[in-house]
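Participant: Below are the sequence and a predicted model for it; my questions follow.
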Amino acid sequence: EVRLVESGGGLVQAGGSLRLSCAASGFTFDDYAIGWFRQAPGKEREGVSCISSSEGITYYADSVKGRFTISSDNAKNTIYLQMNSLKPEDTAVYYCAADPNRYCPYDYDYWGQGTQVTVSS
């Protein structure tokens with residue numbers, strides 16, 4: 001069974017940092033693309049970042065380029081999203097997702113439960 005568990009969310013002031021973690025199990029880590037998404041109240045879900053370790057691919061939405069960094073620890077089957085210089089508009093529930101399409105697709109088969117990130121001004 002594929003399982004994704006996010007952690008690391010919380011409340012932070014604007015300009016601060018948080019590191020989100022996504023612990024993955026039930027599949028071969030290297031065979032999947034892992035993405036981070038977010039959804040703010042009243043807004044559509046937005047793709048934030050993606051990593052495909054086997055293909056050497058990383059992707060960032062323009063809104064987070066230069067501020068967020070995605071990384072993976074294959075030994076721990078864990079993906080991280082380091083978020084720096086946070087802004088109030090980064091406030092959302094953040095989800096990690098996995099898909100066997102290793103080229104960072106638009107749609108993902110497996111999703112975590114989400115973790116709340118709130119950035120105060």
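Facilitator: Perfect, I can see it now. Owing to the predicted nature of the structure, the values given are computational and were not obtained by experimental measurement. Residues are numbered from 1 along each chain as shown.
Participant: Are we agreed that S54 is in a strand?
Facilitator: No. Assigned with DSSP: H, G, I helix; E, B strand; the rest coil, S54 falls outside any strand and is coil.
Participant: What helix or strand is the most centrally placed residue in the chain located in?
Facilitator: Residue closest to the average C-alpha location in the chain (CA atoms, centre = their mean): W36, at 2.5 Å. Element membership for W36 (DSSP states H and E) is strand 33-39.
Participant: Burial check on the closest residue to Y59 other than its chain neighbours, number of neighbours?
Facilitator: In space, and not counting its chain neighbours, Y59 is closest to C50: 4.3 Å by CB to CB, 6 or more residues apart in numbering. To be clear about C-beta, it is placed using only N, CA and C from the backbone, and glycine gets the same treatment. Neighbourhood size, C50 [other CB atoms under 10 Å]: 23.
Participant: Can you check my assumption that C50 lies in a strand?
Facilitator: Yes. Secondary structure assignment places C50 in a strand (three-state DSSP).
Participant: Which parts of the chain are strands?
Facilitator: Counting by DSSP state E, the chain has strands at residues 3-7, 10-13, 18-25, 33-39, 46-52, 57-60, 68-73, 78-83, 92-99, 110-111, 115-120.
Participant: Just list what the fourth one packs against, helices and strands only.
Facilitator: Contacts of strand 33-39 with other secondary structure elements, assessed using 3 or more CB pairs under 8 Å, 6 or more residues apart in numbering; DSSP states H and E, are made with strand 18-25, strand 46-52, strand 78-83, strand 92-99.
Participant: could you redo the last one with a cut-off of 6 Å?
Facilitator: In terms of contacts (3 or more CB pairs under 6 Å, 6 or more residues apart in numbering; DSSP states H and E), strand 33-39 is packed against strand 46-52, strand 92-99.
Participant: For V119, which of these is the nearest?
Facilitator: Ranking the helices and strands packed on strand 33-39 by proximity to V119 (CB to CB) places strand 92-99 first, at 9.3 Å.
Participant: Just the mean pLDDT for that closest one, thanks.
Facilitator: Averaged across strand 92-99, the pLDDT comes to 97.
Participant: So what touches that strand?
Facilitator: Where contact means CB atoms under 6 Å, 6 or more residues apart in numbering, the residues beyond strand 92-99 that reach it are 4, 6, 20, 22, 32-40, 105, 108-112, 114-117.
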